[in-house]
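Engineer: okay, structure incoming, though there's no sequence with it:
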């Protein structure tokens, strides 16, 4: 049984019709989830109508009605809008649904607090927090997930199926680790894009035309990633296999090490993680 079979009979409501919602909807439909079981809600008729036209899903401007029917409620709105959206949904959503957030910087506790009602206190609300990344748009995403204590195993499985529709989906042991996921995969694509820029610019400066430099750089990155994924060797071993003694690669690696590339990456990723924690604190206020 594929993971998406776990959500085939579930009613899935997306609040928000932006890029990440579109990516997940595309992945679910591609993997066989019935479009009639997916409803997308957004104030912009253009965005939701586009998704309805492209994937056959239901669309509406009525968040409350969609949330009332949902077994899985996917919150895909901007972090700054999340509190207001949750407050509006609190009295209307299906109290038995699992709430899946793809918004950066919003903790499970904040979401539960904003969705709580007198009939259902925060500690009883099932919330799963995720941190997807932009390659989800081509089905090659990498996502971390964390579940609040109120989430049942079946709901965890459903959340896993939703995010696995657009790539790798892995659970972390503590919510603080979501900030590390942000530093690794959430923001990670931008690090590689920066490396691509640097390599292309350097190759052009050295004499290659930009198109050739771009083609070689991107194909090299693709090949290296695929080799690392499929090889039994770890990254250290693969690097050593390319690095012949007194060879060209050894000279380049020595330059990277002398210029403290590892320290640069460590500092950048720590800064990213720290900012994620700071945002969570700010948005909770």
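Structural biologist: Thanks, I have the structure now. Just so it is clear, the model here is predicted, and its values are computed rather than measured.
Engineer: which parts of this protein belong to which domain?
Structural biologist: The chain breaks down by automatic domain parsing into domains covering 3-175, 188-280.
Engineer: want to throw these into JSON lines with mean pLDDT, mean neighbour count and distance to residue 181?
Structural biologist: The way it works is simple: take the backbone N, C-alpha and C, and place the C-beta from them, glycine included. Output for these, formatted as JSON lines (pLDDT from 0 to 100; neighbours: other Cβ atoms under 10 Å; distance: least, Cβ to Cβ, whole Å):
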{"stretch": "domain 3-175", "mean pLDDT": "94", "mean neighbour count": "19", "distance to residue 181": "3"}
{"stretch": "domain 188-280", "mean pLDDT": "97", "mean neighbour count": "13", "distance to residue 181": "9"}
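Engineer: got these as JSON lines, with distance to residue 182 columns?
Structural biologist: Rendered in JSON lines, the data for those read as follows (distance: least, Cβ to Cβ, whole Å):
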{"stretch": "domain 3-175", "distance to residue 182": "5"}
{"stretch": "domain 188-280", "distance to residue 182": "4"}
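Engineer: does residue 157 sit in a helix or strand, and which one?
Structural biologist: helix 153-164 (DSSP states H and E).
Engineer: and the longest helix seen in the chain, what other elements does it pack with?
Structural biologist: The longest helix of the chain (DSSP state H) is helix 261-284. When contacts are defined as 3 or more Cβ pairs under 8 Å, 6 or more residues apart in numbering; DSSP states H and E, helix 261-284 sits against helix 79-89, helix 108-115, helix 176-181.
Engineer: how about 7 Å then?
Structural biologist: helix 176-181 (3 or more Cβ pairs under 7 Å, 6 or more residues apart in numbering; DSSP states H and E).
Engineer: okay, the angle between the helix or strand following the helix it packs on and helix 261-284?
Structural biologist: Using DSSP H and E, the helix or strand that follows helix 176-181 towards the C-terminus is helix 188-206. Interaxial angle of helix 188-206 relative to helix 261-284 (axes from the mean of the first three to the mean of the last three Cα atoms, to 10 degrees): 140 degrees.
Engineer: is residue 117 in a bridge, and if so with what?
Structural biologist: In this entry, residue 117 is beta-bridged to residue 120, by DSSP bridges.
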